[in-house]
Every structure is written in C-alpha cells, then in structure tokens.
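In: 3D, please:
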Amino acid sequence: MSDQCILITGADGYIGSKLTRLLLQDGMYSLLLWVRADDEDEAKTKRTAILERYSDYSDKITVITGNLQPDNPFEAVDGSLVTCIVHCAAVIRFNVESELADAVNRDGARKLLSFARDCPNLERFVQLSTLYASGLASGSIDEVLYDKSGPFANHYERSKCEAEHIVHDEYNDLPWQILRLATVISDNDSGEVSQYNVFHNTMQLLFHGLISLVPGKANVPLYFVTGDFSAKAIFDIIKSDYQPHSIYHIGHREEESITLQALMDCCFNIFAKDETFCKRNILKPLFTDLETFKLLDEGLTGLSASVVSEAVTSIQPFAPQLFIHKSFDNTNLVQALPSYLVPDMLALTENIVQHLIKTQWGRKQ
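Out: Below you'll find the model as predicted:
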C-alpha cells in the first residue's frame, strides 16, 4: 500500500464507482473498496466483478464486503492503513422506508464514524449527503449545518440530515467534511443515462401521457447535476488542502439551474419531435397543488400492477420540494475546484430526453 490509502464505502454504487475510477487513474492512492453484501455468495460475486472491472489496477485495490446493519460492519478493515474515508454508501430512494433509512443512512454513518475514530492515521473523513437534507426550508440555503428538526418531505432527507448531525455533534474531534449532492440526472453533458431515478420515471410518465397533473410551482428552481460533475467535484475536494469541518454544496446556483416550467416546456418540445408521441395527441400536464396530487396518489392505491400507480407513488415523497423556492449557495465548492464549469441546463435536458426516447428508457441500447 502507498502512504495515502482511501476507504470508500458503497464503492460499487453509482458515485462510488465513478470516484474510484478517478482516484485509480490519478495513481496517487491505494483504495480499500467496501461494498455491501448480504451473504458470502453475493460477496464473492461482487468481489469478482470489481476485480475484473479494475484489473489494470489490481495492485492498488483491496475489496472488502460487509453490511451497514450489523453492529460492526467494518471489522474486516485494517484501520491502521486508512488515511481518508469517503462514505458513499446509502439508500438514496426518496420513498425509502423509515426503518431502513434509520438503519443504513443514519446508524450506518455512526458505525463508520466510530470505526474512523480508531484509525490512527486518519487525515480526512468525507460524508456524502444531499442538498435536500435541508428539508422543506426555503430561501437562501448556505453551506452550513441544517436544522435537524425539519420538517422534511421524506425519510431519506431526514436520515441524511440526522447523519450530518451525528458527524458534527458526536464526532467533532474527527477531520470531517460534508459534501451535499444535487440530484444526478445523467452521466455526462451528452445526456447519457445509466442510473434511473424519479426524474427519469416522471419523464416516462409524461411521454406516454400517463399523468395529466404535475405537483409544484412553475417558477421553482430544480437542482440537477451530472454524475461526472459530482464525482470530479468530490475528487477535487479530496485532492485539495483539507479545510477543517467544511461543508460543500455539490451543485449549481439558482441562476445556473432550470425551473420546473422550463423543464416541462423543454421536455414537450423534444417529445413533439417524436412521431409516435405526436400521434397520441398528448397535452402538456397542468400544475396542481400538493393536496390534489395526494388525492391522485390515494386514488391509485390498490392498483399494484399499474405503471401509473408505481410512478406516482415514487413522485409523491419528493413532491413537497416542488413547491419550495430554494437558493443554494456553493461558494465553498467553487473555491475548492480548479475550474467550476456549469452546463447549459436546457441543452443538457434536451440531450437527456432525446437519450431516453432513443433508448426507450434503457430498454433498448
């Protein structure tokens, strides 16, 4: 192992994988790649897959498997080797159940922090979080610790905010940094998508005319990033001089973002170029209040096999955020990056929607 050794949890996840690749290409670090596995068969499968994926860097990586829910998920890690920890592992669904959010996102972080305290050579602990740990707060949102009393739109937001407070309140002796990510909607500026979430599910609903009401206010800004931007920002922060107990918003400012209305207009402009879409004579959906959208969700209860029911249910936990006007500050982020590049959000959205239509939302590659 080299002098600099980074432990990455959730190393086979979307951001974890991108960050791992960047660090290996940099050539300055040895990596302990911690991945979740529920049993030995899954552990063997994942270990083999990761070793094959990074076969050119076999001398730089060690794959370790575990699960955040047991009492000591990091017992197989030699803490004396670790100089930096990047905690990527989490359940990131907006509709995550309360118990699972608590067990993984909140209590899992505490277990890792406890392990970190016993790492004698630790120089930095990086906790990945979300912009929406801000809950339903409105107005200017600074790169500071949020109020953990909420309110929150869902258990994902709540559990990530509580995890931040565990870092600050219980482990303030550690060299921590908190990095809050905006919503990732594509791999890169060309609009390629390899991981799908509520954003893409909603676009699919709209394209097929399966939803006529959209919750939210037209002028609410939406905070999106690409996977490449997020991973590179994390990489650059790790490479930069350590700033004690600092918080970064991995996203763009309000004036660099897109509004809900602009998103809808952009999507339907692209949809209109598709022949099959035009034949269906689908109208642009109307904006509705939260209570009406909740009634729609409740009215679909029991239609378990329905694509509409599943999609609306996936939107509902995030819907309250679409009524909240937030303006995120990212001063710390901009100062930490060698270069801060902002994509044209309308062009990015066009590229993503075109990609989704072309690939039929991942079914056709």
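
In: which parts of stretch 5-23 are buried?
Out: Within stretch 5-23, the residues that count as buried by 16 or more other CB atoms under 10 Å are 5-20, 22-23. Just so you know, the C-beta spots here come from the backbone N, C-alpha and C atoms, and that holds for glycine as well.

In: Filter these down to just the ones in helices.
Out: Judged by DSSP state H, the buried residues of stretch 5-23 include 14-20, 22-23 as members of helices.

In: Any chance of those residues in TSV with distance to residue 192 and pLDDT as columns?
Out: Formatted as TSV, those follow (distance: CB to CB, whole Å; pLDDT from 0 to 100):
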residue	distance to residue 192	pLDDT
14	13	97
15	16	98
16	19	98
17	15	98
18	13	98
19	18	98
20	19	98
22	17	98
23	22	98
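
In: State the mean pLDDT of stretch 123-139.
Out: Averaged across stretch 123-139, pLDDT comes to 98.

In: Quick check: residue 30 touching residue 61?
Out: Yes. The criterion here is CB atoms under 8 Å, and residue 30 meets it with residue 61 at 7.4 Å.

In: overlap in contacts of these two?
Out: By CB atoms under 8 Å, 6 or more residues apart in numbering, residue 30 and residue 61 have no common neighbours.

In: show me what contacts the residue nearest to residue 150 when sequence neighbours are not counted?
Out: Counting by CB to CB, 6 or more residues apart in numbering, residue 150 lies nearest to residue 135, which is 4.6 Å off, once chain neighbours are set aside. Applying CB under 8 Å, 6+ apart to residue 135 gives the contacts 146-147, 150-153, 157-158, 161.

In: filter those to the buried ones?
Out: For the contacts of residue 135, a burial check counting by 16+ other CB under 10 Å picks out 146, 150, 152-153, 157-158, 161.

In: and those, which of them are in helices?
Out: Among the buried ones among the contacts of residue 135, DSSP H puts 157-158, 161 in helices.

In: Output those residues as TSV; include the columns pLDDT and distance to residue 106.
Out: Output for these, formatted as TSV (pLDDT from 0 to 100; distance: CB to CB, whole Å):
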residue	pLDDT	distance to residue 106
157	98	12
158	98	8
161	98	9
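
In: Among those, which one sits closest to residue 277?
Out: residue 157 (33.6 Å; CB to CB).

In: isn't the closest one right up against residue 133?
Out: Yes. Between residue 157 and residue 133 there is a contact under CB under 8 Å: 5.8 Å.

In: Next, the contact list for the nearest residue to residue 6 once chain neighbours are set aside, please.
Out: Excluding the flanking residues, the one nearest residue 6 by CB to CB, 6+ apart is residue 84, at 4.5 Å. When contacts are counted by CB under 8 Å, 6+ apart, residue 84 touches 4-7, 122-126, 238.

In: swap the cut-off to 6 Å and go again
Out: Neighbouring residues of residue 84 by CB atoms under 6 Å, 6 or more residues apart in numbering: 6, 123-124.

In: Of these, which belong to strands?
Out: Among those, DSSP state E puts 6, 124 in strands.

In: Rebuild the contacts of residue 84 as JSON lines, extending it with distance to residue 355.
Out: Formatted as JSON lines, the contacts of residue 84 follow (distance: CB to CB, whole Å):
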{"residue": "6", "distance to residue 355": "32"}
{"residue": "123", "distance to residue 355": "40"}
{"residue": "124", "distance to residue 355": "36"}
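
In: Could you look up the SS state of residue 184?
Out: Of the three states, residue 184 takes strand according to DSSP: H, G, I helix; E, B strand; the rest coil.

In: oh sorry, the question was meant for residue 287
Out: Criterion first, three-state DSSP; result for residue 287: strand.

In: Bridge partners for it, pull those for me.
Out: residue 214 (DSSP bridges).

In: Against residue 62, how distant is it?
Out: Separation of residue 287 from residue 62 (CB to CB, to the nearest Å) stands at 51 Å.

In: Please give me every residue in contact with residue 15.
Out: Counting by CB under 6 Å, 6+ apart, residue 15 touches 88, 230-231.

In: If we use 8 Å, what do you get?
Out: Under the criterion of CB under 8 Å, 6+ apart, the neighbours of residue 15 are 88, 128, 181, 184, 227, 230-231, 234.

In: Okay, now stretch 64-80: how far is its last residue from its first?
Out: With CA to CA, to the nearest Å as the measure, the first residue of stretch 64-80 is 15 Å from its last.
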